[in-house]
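*Asks:* could you work out the structure for the sequence below:
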Amino acid sequence: MMNPYHYLRPLLFRLDPERAHNRTLALLARMPSFMPRYHGGKPVELMGLTFPNRLGLAAGLDKNGIAVSAFDRAGFGFIEVGTVTPRPQPGNPQPRLFRLPEHEAIINRMGFNNRGIDALITRLAATPKPHALLGINLGKNKDTPNEEALTDYRIGLQKAWAHADYLTINISSPNTAGLRELQHGAALRELLAGIKAEQQRLTVETARRVPIVVKIAPDLDDTALHATLDTIAEADMDGIIATNTTLDKSAVEHHPHGGEQGGLSGAPLTAASTAIVQKIRAHLPHIALIASGGVMSAADMQAKRDAGADLVQIYSGLIYHGPQLVRDCLRQLERG
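*Replies:* The predicted structure is shown next:
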């Protein structure tokens with residue numbers, strides 16, 4: 001079957017990437033019915049939640065939660081909005097988003113540009129409750145020092161708690177200076193201990209438990225990865241998202257944009273991200289594991305599942321293949 005997005009993509013790709021992104025989101029926010037409606041997959045129990053299916057939208061595409069109804073229509077089992085910070089911030093200077101079509105890749109250095117947690121919550125409160133579960137991805141403001149990061153994450157937890165089915169702690173974006181340092185050692189232990197304490201306090205206060213997952217980078221060597229995983233497990237986090245974008249651009253070094261600063265996503269990340277998923281599952285056999293990174297086809301999604309992922313998220317694949325990628329993945333989930 002012909003993919004209608006093949007006709008639309010050349011028009012979108014004539015626009016500056018960020019402009020195309022914003023225009024598409026604005027259209028979907030105004031007209032959710034513009035998104036094709038798909039169904040498929042089977043429900044799965046994880047982290048005390050029932051996901052309608054195993055396919056999710058990764059954070060970063062809809063930072064401010066303006067098009068949740070459209071993505072719900074597409075058939076996702078869960079939708080992750082954000083990354084959102086306590087206060088609005090503009091992110092890094094433009095240009096900060098680059099397509100590498102020859103590699104089906106994207107480089108971004110957006111820098112957590114968002115309207116802030118209050119604006120997100122206001123928007124979500126005015127949005128019809130989706131069939132999909134809703135995740136909210138939390139970050140810290142750029143001007144918040146790492147020593148005070150817990151304060152920002154606590155604000156995010158408190159304000160997002162009533163609106164999220166699960167919450168993600170993003171400590172792995174490469175585009176906020178020093179953020180990835182929170183993935184290691186005492187900084188990670190102290191941060192997660194504070195987050196766990198806040199989760200327990202809010203659970204008692206609201207009589208509602210919201211699972212918390214930690215999103216990690218693909219650029220950890222085995223020693224660092226195992227140390228990070230052990231700390232996440234010791235802190236009794238509910239799950240892990242693997243992975244964020246990579247700083248390794250060796251696969252695209254000869255492309256005109258290959259030297260741009262920022263995180264690389266898309267097809268060049270596929271194998272490395274899947275390898276990390278496999279290592280996590282071998283090290284932590286029972287933790288909830290959400291795979292993200294380089295899912296450009298239903299076969300890529302299945303490879304993540306075969307590596308041990310419970311759930312799989314997509315983002316860059318949508319940019320290159322459109323909503324039909326969702327349909328293809330849902331059909332694969334029906335079979336498997």
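
*Asks:* doesn't L157 belong to a helix?
*Replies:* Yes - following the definition DSSP: H, G, I helix; E, B strand; the rest coil, L157 is counted among the residues of a helix.

*Asks:* which residue, other than its chain neighbours, is closest to it?
*Replies:* By the measure of Cβ to Cβ, 6 or more residues apart in numbering, the closest residue to L157 outside its immediate chain neighbours is E198, 5.2 Å from it. For every residue, glycine as well, the C-beta is placed using N, CA and C.

*Asks:* contacts only, for that neighbour.
*Replies:* If a contact means Cβ atoms under 8 Å, 6 or more residues apart in numbering, then E198 has Y153, R154, L157, Q158 as its contacts.

*Asks:* and if we set it to 10 Å?
*Replies:* For E198, the set of contacting residues under the criterion of Cβ atoms under 10 Å, 6 or more residues apart in numbering consists of L150, Y153, R154, I155, G156, L157, Q158, W161, I212.

*Asks:* again with L182
*Replies:* 140, 146, 149-150, 153, 169-172, 176, 188, 190-192, 214.

*Asks:* from these, which is closest to R123?
*Replies:* Sorting the contacts of L182 by how near they are to R123, with Cβ to Cβ, puts N170 at the top with 19.1 Å.

*Asks:* that closest one and D238: what is the separation?
*Replies:* 15 Å (Cβ to Cβ, to the nearest Å).

*Asks:* swap in G258?
*Replies:* From G258 across to D238, the span is 37 Å (Cβ to Cβ).

*Asks:* with E18 instead?
*Replies:* Computed as Cβ to Cβ, the E18 to D238 distance reads 33 Å.

*Asks:* more neighbours, those two?
*Replies:* Each of E18 and D238 had its neighbours counted (other Cβ atoms under 10 Å), and the higher figure belongs to D238 (21 against 17).

*Asks:* the more buried one contacts I287, correct?
*Replies:* Yes - with contact defined as Cβ atoms under 10 Å, D238 counts as touching I287 (8.1 Å).

*Asks:* any shared contact partners between these two?
*Replies:* Counting by Cβ under 10 Å, 6+ apart, the residues touching both D238 and I287 are M47, V213, I232.

*Asks:* whichever of those end up buried, select them in PyMOL.
*Replies:* Entered in PyMOL, the line below selects the buried ones among the shared contacts of D238 and I287, by 16 or more other Cβ atoms under 10 Å:
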select buried, resi 47+213+232
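
*Asks:* just the shared contacts of D238 and I287: which are in helices?
*Replies:* I232 (DSSP state H).

*Asks:* pick the one among the shared contacts of D238 and I287 closest to G91.
*Replies:* The nearest one, if we look at the shared contacts of D238 and I287 relative to G91 and count by Cβ to Cβ, is V213, at 23.4 Å.

*Asks:* for that closest one, which non-adjacent residue is closest in space?
*Replies:* Taking Cβ to Cβ, 6+ apart, and ignoring the residues beside it in sequence, V213 has G239 as its nearest neighbour in space, at 3.9 Å.
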